[in-house]
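> what follows is a predicted structure for the sequence shown.
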There are 4 protein chains.
Amino acid sequence: MPEADRPMPSVEVAIKVQFFDLDPMNVVWHGNYARYLEVARCALLDRIGYNYEQMAASGHAWPIVDLRIKFVGPLRFGQEALVSARIVAFENGLKIDYLIRDATSGAVLTRAHTFQVPVRMDTGELCLESPPDLTERVRGLM
Amino acid sequence: MPEADRPMPSVEVAIKVQFFDLDPMNVVWHGNYARYLEVARCALLDRIGYNYEQMAASGHAWPIVDLRIKFVGPLRFGQEALVSARIVAFENGLKIDYLIRDATSGAVLTRAHTFQVPVRMDTGELCLESPPDLTERVRGLM
Amino acid sequence: MPEADRPMPSVEVAIKVQFFDLDPMNVVWHGNYARYLEVARCALLDRIGYNYEQMAASGHAWPIVDLRIKFVGPLRFGQEALVSARIVAFENGLKIDYLIRDATSGAVLTRAHTFQVPVRMDTGELCLESPPDLTERVRGLM
Amino acid sequence: MPEADRPMPSVEVAIKVQFFDLDPMNVVWHGNYARYLEVARCALLDRIGYNYEQMAASGHAWPIVDLRIKFVGPLRFGQEALVSARIVAFENGLKIDYLIRDATSGAVLTRAHTFQVPVRMDTGELCLESPPDLTERVRGLM
C-alpha cells in the first residue's frame, strides 16, 4: 500500500470537564481547550515514542506555530468527552488534527489543528525538514 | 466617507510576560496567549461600551466559535509587548484581529483572530445578525 | 462507635503531570496544584452526592476561604501521582485535607488543606452551620 | 537603628480582574490568586534586583515550599485591586506577606504568604541559609 494511503497514527483520550475550566457562562472558557488538545497531543507523541524528552534528546524543540480551534458546541461541568488527535502531516513539521466529541452521544463539539516545527536547540535554527527521529518513528506506526 | 472605508474601532494594550506564563522551553506556553488576546478584546469592548456586563444586560452571550493564533516569534520572561485588537466585521457576529508586537522593537510576534457570535441567553438560540446594541455602538465609533 | 471515632469520607484520584503545568524549572508551577486539589475535592463531593450542582440546588455557594499547600517535593513531566482528599470537619463549614504522593514510590510530595464555608446564594449571607444537605450526606457515609 | 526595626522592602502593584479569571459563581476562582501574588512577588524581586534571571545566575532555584491564602472577600469582573508584597524574613529562605485590597475602598480582600527556599541548581541541595546575593541586596534596601 503506498504511504499516502496508509492510516496515520492517532489516539483518543477521555477527559472530564472540571470546575476550574468553567467561566461565568457555565461552559469551558475557550482558552482552556489548548490544555485538552495538549493532553491528546502528548498521548499521541507518547505512542510515537517522541514526546518532550525524546525531542530534547534529539536536540530539537517543537514550538507550535499555528493553533486553530473551531467551537461547535459548549462543554459543561462534569461532561465526559473524547479528544482524538491524528497526525495529518509530518515531513516538514508536524500537523495534528483534533476532534472533541461528547463521550455519550458522540456529537462533535470541537475541531482543531496545531502545526509545530522543529527548531535546533543549539542554534535556534528552524529546520525545514522533520528530523529522522520523528519521521522514522511515524512511518514505523503506519 | 462610505462606512466600508472608515477605520474600525481598535485598541492597544501593554502586557509584561510573567513567570507563570512560561513553559520549560523558557517561552510563553502557546495556550496562554488566549489570555493576552482577551485582555485586548475586553479593552476593545470596554471602549465600545459593550463588554460582558452590557452583553448580559442585552440578553446575549457571545461565545467564541473560532480562534486562530499564528506564532511568529516567542515571548520571553519580563518581555514587554503590545497587543492590538481591531474589529474587522461586526454585522453578523464579531470578528476581531489581533497583533502582538515587541514593545521596544515593534517586531510582530503573533497574529490572531477570534470570531464570536450572539446567542440569546433565554432561548440559547444563535442570532444570525448582531443586535443593534452592538452595531450602533460600533458605528458610533467609526 | 461514637461519631468522632468513625472514619471520615475520603477519595483518591490519579493524576499525570502534563507539559502545560510545568514552569521553566521543569517542575509543576506551584499555583497549578490548586487544580490537582480540586480534581480530588470534586471526586470527594461526587462521592458524598453534594457537588457543585447539588450545592446550587440547595441554595448555597461554598467559597474557599482558606487554602494552604506545603510543597515537600517537586512533580515532574509525565509523573503519575495520587491525590487523596479527606474530610476533617464538616459541621461549621467543610475542611478537607489533601495528600499528593508519587504513584510508584508512595513518597509524600504535597500536603494541603482547604476550608470552605456555606453562603446563601439569595442573600449572600454566611452560614455558621453547614446545611443538613451536607451534614446528613456526610454522616451517611461515616 | 537596629536592623530588626528597619522597614522591610515592599511593593504594591495594581491588577484588574479579567474575565478568564472568573468561575461560574462570577468571582475569581481561588486558584487564580497564585498568579496575582506572583505578579507582586516578581515586582518585589525586581526591586531587590534578584528576580528569576539573577537567581539563575547565582546558581539557585527558589521553589515555593509553603503557600497560604485567606480569602476575606471576593474579586469580581473588572474590579481594580492593589496587591502588596512585603518581605518578612530573608536570612533562611524568603518569606513574603501579601495583602490584596480593593483599589477604591481599600477594603482587605485577601491575606496570603509564601515561603521559598534556596536550592543549589547544580546539586539540587537545599541551602539552610540564603545566599549573600539575596541578603546583601535586601539589606541594601532597608
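Nice, thanks for sending it over. Numbers count the residues shown, from 1 in each chain, chains lettered A, B, ... in the order given.
> need the longest helix for chain A.
helix A:33-48 (DSSP state H).
> now do the buried residues in the helix or strand just after that one.
On the C-terminal side of helix A:33-48, the nearest following helix or strand under DSSP states H and E is helix A:52-57. Of the residues in helix A:52-57, A:52, A:54-55 count as buried by neighbour count, 16 or more other C-beta atoms under 10 Å in any protein chain shown. In this view, the C-beta of every residue, glycine as well, is placed from N, C-alpha and C.
> just the closest of those residues to chain C, please.
Of all the buried residues of helix A:52-57, chain C sits closest to A:Y52, with 5.9 Å by C-beta to the nearest C-beta.
> could I get the full set of strands for chain A?
Ranges of strands in chain A, per DSSP state E, are A:10-16, A:60-61, A:64-71, A:80-89, A:94-102, A:108-116, A:119-120.
> so which of those strands gets nearest chain C?
Short answer: strand A:10-16, nearest of the strands of chain A by C-beta to the nearest C-beta, at 8.8 Å.
> what sits up against the closest one?
Residues from elsewhere that reach strand A:10-16 (C-beta atoms under 8 Å, 6 or more residues apart in numbering or on different chains): A:36, A:39-40, A:43-44, A:47, A:78-87, A:103.
> likewise stretch A:55-72?
With C-beta under 8 Å, 6+ apart, stretch A:55-72 has contacts from A:30, A:33-34, A:37, A:50, A:93-94, A:108-122, A:127, A:131, A:133-134, B:25, B:27, B:30, B:63-72, B:74.
> can you turn the buried part of those residues into a PyMOL selection?
Of the contacts of stretch A:55-72, the buried ones go into a single PyMOL selection, burial set by 16+ other C-beta under 10 Å:
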select buried, (chain A and resi 30+33+34+37+50+93+94+109+110+112+113+114+115+116+117+118+119+133+134) or (chain B and resi 25+27+30+63+64+65+66+67+68+69+71+74)
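> lowest confidence element among the helices and strands of chain A?
helix A:52-57 (a mean of 90; mean pLDDT, DSSP states H and E).
> for it, output the C-alpha coordinates as PDB.
Output in PDB follows, covering the C-alpha atoms of helix A:52-57 (Å, rounded to 0.1, in the frame of the first residue of the first chain):
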ATOM      1  CA  TYR A  52       9.100  16.100  25.100                       C
ATOM      2  CA  GLU A  53      12.000  14.100  26.500                       C
ATOM      3  CA  GLN A  54      12.900  12.400  23.200                       C
ATOM      4  CA  MET A  55      12.600  15.700  21.400                       C
ATOM      5  CA  ALA A  56      15.000  17.300  23.800                       C
ATOM      6  CA  ALA A  57      17.400  14.200  23.500                       C
END
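> take the strands of chain A and write them to a markdown table, including distance to C:F20 and mean pLDDT.
Formatted as a markdown table, the strands of chain A follow (distance: least, C-beta to C-beta, whole Å; pLDDT from 0 to 100):
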| stretch | distance to C:F20 | mean pLDDT |
| --- | --- | --- |
| strand A:10-16 | 13 | 98 |
| strand A:60-61 | 15 | 95 |
| strand A:64-71 | 12 | 98 |
| strand A:80-89 | 14 | 98 |
| strand A:94-102 | 15 | 98 |
| strand A:108-116 | 13 | 98 |
| strand A:119-120 | 19 | 96 |
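> ok, the buried residues of helix A:52-57 vs chain B, which is closest?
Among those, A:Y52 lies closest to chain B (C-beta to the nearest C-beta), at 7.6 Å.
> interface residues of chain A facing chain C?
Applying C-beta under 8 Å from any C-beta of the partner chain, we find that chain A lies next to chain C at A:18-20, A:34-35, A:38-39, A:42, A:51-53, A:77-78.
> of these, buried ones?
A:19-20, A:34-35, A:38-39, A:42, A:51-52, A:77.
> near chain B, which residues of chain A are found?
A:24-25, A:27, A:30-32, A:34-35, A:38, A:52, A:61, A:63-72, A:74.
> return the residues in contact with the closest residue to A:V27 other than its chain neighbours.
Closest residue to A:V27 apart from its sequence neighbours, by C-beta to C-beta, 6 or more residues apart in numbering or on different chains: A:P74 at 3.8 Å. By C-beta under 8 Å, 6+ apart, A:P74 lies in contact with A:25, A:27-28, A:109, B:63.
> how about a cut-off of 7 Å?
A:27-28, B:63 (C-beta atoms under 7 Å, 6 or more residues apart in numbering or on different chains).
> could you dump those to JSON lines with pLDDT and distance to A:L141?
Output for these, formatted as JSON lines (pLDDT from 0 to 100; distance: C-beta to C-beta, whole Å):
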{"residue": "A:V27", "pLDDT": "97", "distance to A:L141": "35"}
{"residue": "A:V28", "pLDDT": "98", "distance to A:L141": "31"}
{"residue": "B:P63", "pLDDT": "97", "distance to A:L141": "37"}
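> ok, the residues you listed vs C:Y98, which is closest?
For these, the minimum distance to C:Y98 (C-beta to C-beta) is 24.0 Å, reached by A:V28.
> got the phi and psi for the closest residue to that closest one other than its chain neighbours?
Nearest non-adjacent residue to A:V28, counting by C-beta to C-beta, 6+ apart: A:L75, 4.2 Å away. When read as degrees, to the nearest 10, the backbone of A:L75 gives phi -110, psi 140.
> with the one 4 residues further on instead?
Main-chain dihedrals, A:Q79, degrees, to the nearest 10: phi -60, psi 140.
> how about the residues of chain A near chain D?
A:19-20, A:22-24, A:26, A:29, A:31 (C-beta under 7 Å from any C-beta of the partner chain).
> now do 6 Å
Contact residues (C-beta under 6 Å from any C-beta of the partner chain) of chain A with chain D: A:20, A:22, A:24, A:26, A:29.
> for the last one, which non-adjacent residue is spatially closest?
Spatially, and ignoring its direct neighbours in sequence, A:W29 is nearest to A:D23 (4.0 Å; C-beta to C-beta, 6+ apart).
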